[in-house]
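S.K.: any chance you can model this:
(one chain, ligands or ions: 1)
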Amino acid sequence: MERTLSIIKPDAVRAGHIGEIIATFEKNNIRIVAMKMVHLDPKGAEGFYAVHRERPFFGELTAFMCEGPVVVMVLEGDNVIARNRELMGATNPADAAEGTLRKRFASSLQNNAVHGSDAPETAAFEIGYFFNALEIAG
Ligand code: CMP
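M.R.: Got it, this is the predicted structure:
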């Protein structure tokens, strides 16, 4: 059993896609074991994306993540890190496969609707960034 962090980004929240994204996880046998809505401030977004701090898009990305509320979730299931990334599709919606969350709901490389951890180590960091142990249903 594995866990991963999922974020419904400000663009998808603003466009009213929270329900459809959650339904996609549930239909695909992925359990939601923690969930909350937060409005990140610049420090919060910069800390979360610290690994990208040297990238040219860091400023725009962190500003975008503060534009409005996001929904953060801990997802649980067998091989859920890879399965969530498959459901999300490619980072750039232009390259995302038909039916994936980013194909359905993203509008650009930056405004790409959802985030998902890419490896067990990043999942552990990202889950701990938003949730303490008491906030995660066993
Ligand atoms: P995410 O999966 O949240 O991880 C890092 C994010 O940075 C990524 O989704 C995109 O939203 C964003 N991103 C990645 N590459 C670029 C880029 N070249 N220009 C702008 N944003 C990017």
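
S.K.: model confidence over the helix or strand containing A82, on average?
M.R.: Element membership of A82, judged by DSSP states H and E, is helix 80-88. Average pLDDT, helix 80-88: 98.

S.K.: got the CA coordinates for that helix in PDB?
M.R.: Extracted in PDB, the C-alpha atoms of helix 80-88 (Å, rounded to 0.1, in the frame of the first residue of the first chain):
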ATOM      1  CA  VAL A  80      -0.800   4.900  -6.300                       C
ATOM      2  CA  ILE A  81       2.100   7.200  -7.200                       C
ATOM      3  CA  ALA A  82       2.400   5.900 -10.700                       C
ATOM      4  CA  ARG A  83      -1.400   5.300 -11.100                       C
ATOM      5  CA  ASN A  84      -2.100   8.900 -10.100                       C
ATOM      6  CA  ARG A  85       0.500  10.200 -12.600                       C
ATOM      7  CA  GLU A  86      -1.100   8.100 -15.300                       C
ATOM      8  CA  LEU A  87      -4.600   9.500 -14.500                       C
ATOM      9  CA  MET A  88      -3.100  13.100 -14.500                       C
END
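
S.K.: is the ligand contacted by that helix?
M.R.: No: legend: contact between helix 80-88 and the ligand by C-beta under 6 Å from any ligand atom is lacking; minimum distance shown is 7.7 Å. For every residue, glycine as well, the C-beta is placed using N, CA and C.

S.K.: output stretch 54-72 as CSV, nothing but the C-alphas.
M.R.: Taking Å, rounded to 0.1, in the frame of the first residue of the first chain, the C-alpha atoms of stretch 54-72 are listed here in CSV:
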residue,chain,number,x,y,z
GLU,A,54,16.5,27.4,-9.6
ARG,A,55,14.1,27.0,-12.5
PRO,A,56,13.2,30.0,-14.6
PHE,A,57,9.5,29.4,-14.1
PHE,A,58,9.7,29.3,-10.3
GLY,A,59,8.4,32.8,-9.7
GLU,A,60,5.4,32.4,-12.0
LEU,A,61,4.7,28.9,-10.7
THR,A,62,4.6,30.0,-7.1
ALA,A,63,2.5,33.1,-7.9
PHE,A,64,0.0,30.9,-9.8
MET,A,65,-0.3,28.5,-6.8
CYS,A,66,-1.3,31.5,-4.6
GLU,A,67,-4.0,32.8,-7.0
GLY,A,68,-6.8,31.0,-5.2
PRO,A,69,-7.6,28.1,-3.0
VAL,A,70,-6.2,24.6,-3.7
VAL,A,71,-7.5,21.2,-2.5
VAL,A,72,-4.7,19.0,-1.1
